[in-house]
Every structure is written in structure tokens, then in C-alpha cells.
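Visitor: coords please:
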Amino acid sequence: MASENGEKVESGAVPETKAKKNWVLLSLRVVAFLVTASATLVMALNKQTKSFVVATVGSTPIRATISAKFNQTPAFVFFVIANGNASLHNLVMIVVDVLGPQYDYKGLRLASIAILDMMTMALASAGDGAATFMAELGRNGNSHARWDKICDKFETYCNRGGAALIVSFIGFILLLIISLMSIIKLLKPNRINHVSS
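Guide: Numbering: from 1, shown residues only. Alright, predicted model coming up:
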């Protein structure tokens, strides 16, 4: 094919750009999988046990051993489920991106991927929000409700939970970018004309 100034342009230029965009999306999915999986594992394995003096009888201290675990707070359980779901979703979408084009049926594959991406992003956002609220409550307490903070007693537990939250928010941003790219890929004009004809 010749261009306006007589130079030859190879017809493979468009598929190369398309392949590059697919690799960008695939790479984002791999990173999102790793990030959400690490947030899931850090929070799911988050546990700290400490002994406290709860009373003194004469000169003998009475100690109690208390454990802080993620599964004692429903918001953290939801966080683990939401991020685990996001990890699994990205893993399945990686497989679909690699093997899926040969199984596309009337463009439904891209529409399904876009819808599932948005649902996963919404679920991850809800899990992050719930866990952030509980983390703030654990760090600062609530004087109006007379809820004491616990992070002054379980620092390691709170620091690990905070790290899981930060990583999960990075995963949420990646899921947002992936979702936008899926929608753009779905709504390309040449794709819509190709499916309708």
C-alpha cells in the first residue's frame, strides 16, 4: 500500500498497534492480579497475639492473652473476599485474553469482559471502603460511641492491615484503568460496524 508521498506503508502496522494495546491490557491484568492477591494474602494472614496484665492480686499480675485476627471483623472478611474475587477475576481474564479471541461469539466476549470488569471494580471498591472505615476506627477509636482504639496495643496487626489497604487501593486504581480500557475496546467504531454487518 502506498501513502500520499509515495512511500510504502506495510499493512501490518495496524495489527502491530492492536497487539501492543492488547499486551498493555494483559500486563495491567497481570499486575492487578499480583496486587490484589498480595492484599488478600496479607490481610488473610494478619494476626497478632499479645499478653496483657488485666488485674493485680496482691503483687501477682494476672495476664490475659488476646489475639487480633482479620476474621473478627466482618469488614475485613469482606475485604478479603472482594480482593480474592478480583484476583480470581483477573486470572480468568488473563486466560480469556490469551485464548478467548478464537471463541468469540458475535462480540459477546468483549461485552461480557467489560461488564465483569465493572462489577469486579465495584466489589473491590466496596471492600476497600469497608476495610478503610474499620481501620480508621481501630487506629483512632470513636470517643462519642466510647470505642477505644486498638492500634496502640496491636501495632503490627494494624501496620499489616494498613499495608494491605494501600496495596488494595493500588489494585483498585488498576481495575479502574482496566475497566476503562475494556469499555473503550468494546465501543470502538470499527468494531461496532464489523459486528453489525
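Visitor: And the strands in the protein?
Guide: Secondary structure of the chain (DSSP state E): strands located at 47-57, 60-69.
Visitor: May I see the ones you listed organised as CSV, with distance to Thr156 and mean neighbour count added?
Guide: Placement of C-beta: from N, CA and C, glycine included. Shown next, in CSV, are those (distance: least, C-beta to C-beta, whole Å; neighbours: other C-beta atoms under 10 Å):
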stretch, distance to Thr156, mean neighbour count
strand 47-57, 5, 11
strand 60-69, 9, 12
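Visitor: Can I get those strands in a markdown table including distance to Asn140?
Guide: Output for the strands of the chain, formatted as a markdown table (distance: least, C-beta to C-beta, whole Å):
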| stretch | distance to Asn140 |
| --- | --- |
| strand 47-57 | 19 |
| strand 60-69 | 16 |
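Visitor: Please produce CSV containing those strands, extended by mean pLDDT and distance to Val98.
Guide: Listed next are those as CSV, based on pLDDT from 0 to 100; distance: least, C-beta to C-beta, whole Å:
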stretch, mean pLDDT, distance to Val98
strand 47-57, 81, 37
strand 60-69, 84, 38
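Visitor: Among the ones you listed, which comes closest to Phe78?
Guide: Of all the strands of the chain, strand 60-69 sits nearest to Phe78, with 14.8 Å by C-beta to C-beta.
Visitor: Backbone torsions only: list them for the spatially most distant residue from the centre of the chain.
Guide: Distance from the C-alpha centroid of the chain, by C-alpha atoms, centre = their mean, peaks at Gly58 (52.7 Å). Phi and psi for Gly58, reported as degrees, to the nearest 10, are phi 70, psi -120.
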